[in-house]
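Engineer: please find the sequence and the predicted model below.
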Amino acid sequence: MKEIDLVAKISICPYIELSDRDKNLIDKSKEAQKGAYAPYSNFYVGAAVECAGDIVIGSNQENEAYPSGMCAERVALFSASAQYPMAIISSIAIAAYNGVEDEETFAFPCGACRQVLLEYEKRQNSPIRVLVCAKDEVYIIESAKSLLPLSFNM
């Protein structure tokens, strides 16, 4: 039998120690939460994507006919790709607010969002940093591949 060790390197950093660029991206992801439509889950997620020297935001959009909604990460990624089709996406920041608990919380990308992030990395041949924040703490993942080491490939 053969074994494979899969390792994900994730840094945890206080918000205050981030670069101004990363702080700005996270702040934009928190602002994006205001555009979330989450009447069913009461879970508001915002995402901000950095590409082409600009920041493109997205928020989760629920729908009564589940699964017709869309996660904040994919809304932001698809919007960025539509607006800047040839641009490299360097980073994505994700922020979430749990309306039931009335608090900021960590929201790591779901499986579908991880697969989409990984496809963008492959397409542009460079990693996408993933910043997931709550309160004053940020998880920094240097590549989406770390979130989905055994991804779907055709």
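Structural biologist: Received, thanks. Residues are numbered from 1 along each chain as shown.
Engineer: buried ones in stretch 43-62?
Structural biologist: Across stretch 43-62, burial judged by 16 or more other CB atoms under 10 Å covers 43-52, 55-62. Yep, even glycine has a C-beta here, placed from its N, CA and C like the rest.
Engineer: stretch 92-102 now?
Structural biologist: Within stretch 92-102, the residues that count as buried by 16+ other CB under 10 Å are 92-98.
Engineer: can you map out the strands along this protein?
Structural biologist: Listed in chain order, the strands found in the chain under DSSP state E are 10-14, 43-51, 54-59, 89-98, 103-105, 129-134, 137-141.
Engineer: so which of those is nearest residue 24?
Structural biologist: Taking CB to CB, strand 54-59 is the member of those nearest to residue 24, at 7.3 Å.
Engineer: partner strands of that closest one, parallel or antiparallel?
Structural biologist: Paired strands of strand 54-59, with direction, are strand 43-51 (antiparallel) (DSSP bridges).
Engineer: average pLDDT for the strand it pairs with, rounded please.
Structural biologist: Averaging pLDDT along strand 43-51 yields 97.
Engineer: report the contact partners of the closest residue in space to residue 97 that isn't next to it in sequence.
Structural biologist: Excluding its sequence neighbours, the residue lying closest to residue 97 (CB to CB, 6 or more residues apart in numbering) is residue 44, at 4.5 Å. The contact partners of residue 44, taken as CB atoms under 8 Å, 6 or more residues apart in numbering, are 33, 36, 38, 59-60, 96-97, 99.
Engineer: swap the cut-off to 7 Å and go again
Structural biologist: With CB atoms under 7 Å, 6 or more residues apart in numbering as the criterion, the residues that contact residue 44 are 33, 36, 38, 96-97, 99.
Engineer: what pLDDT does residue 8 get?
Structural biologist: 85.
Engineer: quickly list what residue 92 is bridged to.
Structural biologist: Counting by DSSP bridges, residue 92 is bridged to residue 49, residue 130.
Engineer: mind listing the helices for this structure?
Structural biologist: 20-32, 72-83, 111-124 (DSSP state H).
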